[in-house]
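Q: I'd like to go over a predicted model; first the sequence, then the structure.
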Amino acid sequence: MSLPLQYPPEAYRHEHAVVTPHEVEQLLSRIEDQGLRDMWDMILSLDYEVESAYELKCEERREFCGIISVLLQAFA
């Protein structure tokens, strides 16, 4: 017997998944829509000491995007 999934399979994201440039662009677009671009830039410059999310290493980019996603939810 097979149990029904509690979430759609497309929602699953492997822990080692790479954040694509397209996903970064979408996140930045949502940030700009909320008027939070200064926060984006501040986190990059103070916490990661870079000017762009594309300069981050794979793991750092994933962590940064996770932080930004949580902040978007908090400010939405």
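A: Arrived safely, thanks for sending. Just so we're clear, the structure is a prediction, and the values are computed from it rather than from any experiment. Residues are numbered from 1 along each chain as shown.
Q: quick one, longest helix in the chain?
A: Ranked by number of residues, the top helix in the chain under DSSP state H is helix 58-75.
Q: now do the helices in this protein.
A: 21-33, 37-43, 58-75.
Q: which of the ones you listed sits closest to Gln6?
A: Across those, Gln6 has its closest neighbour in helix 58-75 (20.3 Å, CB to CB). C-beta here means a position set from N, CA and C on the backbone, and glycine is covered the same way.
Q: with just CA atoms, put that closest one into CSV.
A: What follows is helix 58-75, C-alpha atoms only, in CSV (Å, rounded to 0.1, in the frame of the first residue of the first chain):
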residue,chain,number,x,y,z
CYS,A,58,27.6,27.6,-4.2
GLU,A,59,26.9,26.9,-0.5
GLU,A,60,27.0,30.6,0.5
ARG,A,61,24.6,31.4,-2.4
ARG,A,62,22.1,28.8,-1.2
GLU,A,63,22.4,30.1,2.4
PHE,A,64,22.0,33.7,1.3
CYS,A,65,18.9,32.8,-0.8
GLY,A,66,17.4,31.0,2.2
ILE,A,67,17.9,34.0,4.4
ILE,A,68,16.4,36.3,1.8
SER,A,69,13.4,34.0,1.4
VAL,A,70,12.7,34.0,5.1
LEU,A,71,13.0,37.8,5.2
LEU,A,72,10.6,38.1,2.3
GLN,A,73,8.1,36.1,4.2
ALA,A,74,8.6,38.2,7.3
PHE,A,75,8.1,41.5,5.4
